[in-house]
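Engineer: no FASTA, just this:
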């Protein structure tokens with residue numbers, strides 16, 4: 001489905017959970033000189049304005065990043081501050097720009113985005129970075145390119161899950177990717193809904209070596225998205241602390 005646009009949801013509590021962990025992982029993986037490859041299956045446009053009509057319509061950022069006092073000594077806080085220094089104080093970066101803050105000349109970034117409007121916007125917003133933009137289906141694109149060079153890498157899978165079959169797609173895709181690219185760590189985001197639609201996907205992925213982390217939102221009262229979940233397949237050494245960082249840095253919004 002191509003109707004979803006993240007501009008309505010940028011900076012919400014789920015973004016905080018996902019992006020804090022993502023930034024921590026990138027900081028961890030770039031500590032050594034060895035290059036890494038970062039891929040995304042659903043990149044979005046990479047940069048959002050929290051004063052836009054879309055963001056104002058839902059007001060979700062007010063319950064997320066709007067409540068957060070950024071710690072500039074953390075990977076996430078440093079990335080947000082650096083990107084806002086270039087794009088303005090109401091800017092909120094998606095995962096592509098967050099990743100670009102950490103990546104070095106020896107690294108590689110490949111971004112998939114199929115949406116006819118989001119794809120061109122992503123190309124515009126990622127100008128001046130090392131990113132390679134592919135306007136194609138993310139599952140097909142990542143699998144076709146894998147394994148890339150450098151072989152050490154991180155893949156972010158972050159679909160909208162507007163279509164219920166998306167959970168099955170993720171569950172089918174991840175084992176194929178691990179078989180083709182065993183050196184990759186794979187970070188999967190999913191929403192926690194009252195219907196529990198994510199449970200079948202989790203059961204299918206259970207045999208893989210992974211870490212699972214779920215949080216709830218303080219402000220939710222049984223309606224809509226109740227929380228946010230992450231699964232890290234093939235976790236790198238030291239990654240457990242990356243998940244705890246989300247609660248340390250955004251405990252006012254996220255809870256176990």
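Structural biologist: The structure has been received and is ready for your questions. Worth saying up front: this structure is predicted, and the values here are computed from it rather than measured.
Engineer: so which elements touch the host helix or strand of residue 20?
Structural biologist: Per DSSP states H and E: residue 20 is located in helix 13-29. With contacts defined as 3 or more Cβ pairs under 8 Å, 6 or more residues apart in numbering; DSSP states H and E, the packing partners of helix 13-29 are helix 75-87, helix 95-102, strand 153-157, strand 184-193, strand 210-217, strand 225-233, helix 240-250, strand 254-255. Just so you know, the C-beta spots here come from the backbone N, C-alpha and C atoms, and that holds for glycine as well.
Engineer: nearest to residue 62, of these?
Structural biologist: Of all these, strand 210-217 sits nearest to residue 62, with 12.8 Å by Cβ to Cβ.
Engineer: packing partners for the closest one?
Structural biologist: By 3+ Cβ pairs under 8 Å, 6+ apart, strand 210-217 packs against helix 13-29, strand 225-233, helix 240-250, strand 254-255.
Engineer: same list, those, but as CSV with mean neighbour count please.
Structural biologist: Converted to CSV, those look like this (neighbours: other Cβ atoms under 10 Å):
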stretch, mean neighbour count
helix 13-29, 24
strand 225-233, 21
helix 240-250, 18
strand 254-255, 18
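Engineer: including distance to residue 182, could the ones you listed go into CSV?
Structural biologist: CSV is the format used below for the helices and strands packed on strand 210-217 (distance: least, Cβ to Cβ, whole Å):
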stretch, distance to residue 182
helix 13-29, 16
strand 225-233, 10
helix 240-250, 21
strand 254-255, 31
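Engineer: reformat these as TSV; add mean pLDDT and distance to residue 209.
Structural biologist: Converted to TSV, the helices and strands packed on strand 210-217 look like this (pLDDT from 0 to 100; distance: least, Cβ to Cβ, whole Å):
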stretch	mean pLDDT	distance to residue 209
helix 13-29	98	16
strand 225-233	96	7
helix 240-250	97	13
strand 254-255	95	25
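Engineer: those: which one's closest to residue 132?
Structural biologist: helix 13-29 (17.1 Å).
Engineer: each with direction, which strands does the helix or strand following the closest one pair with?
Structural biologist: The helix or strand immediately downstream of helix 13-29 is strand 37-40, counting by DSSP H and E. Take DSSP bridges as the rule and strand 37-40 pairs in its sheet with strand 108-112 (parallel), strand 153-157 (parallel).
Engineer: so after strand 37-40, what's the next helix or strand?
Structural biologist: strand 47-49.
Engineer: count of neighbours near residue 183?
Structural biologist: 15 (other Cβ atoms under 10 Å).
Engineer: correction: the previous question concerned residue 215.
Structural biologist: Using other Cβ under 10 Å, residue 215 is surrounded by 25 other residues.
Engineer: quick check: closest non-adjacent residue to it.
Structural biologist: residue 254 (4.2 Å; Cβ to Cβ, 6 or more residues apart in numbering).
Engineer: which outside residues touch the lowest-mean-pLDDT helix or strand in the chain?
Structural biologist: Least confident helix or strand of the chain, by mean pLDDT, DSSP states H and E, is helix 53-58 with a mean of 88. Helix 53-58 is contacted by residues 5, 7, 8, 9, 10, 11, 12, 48, 49, 61 when judged by Cβ atoms under 8 Å, 6 or more residues apart in numbering.
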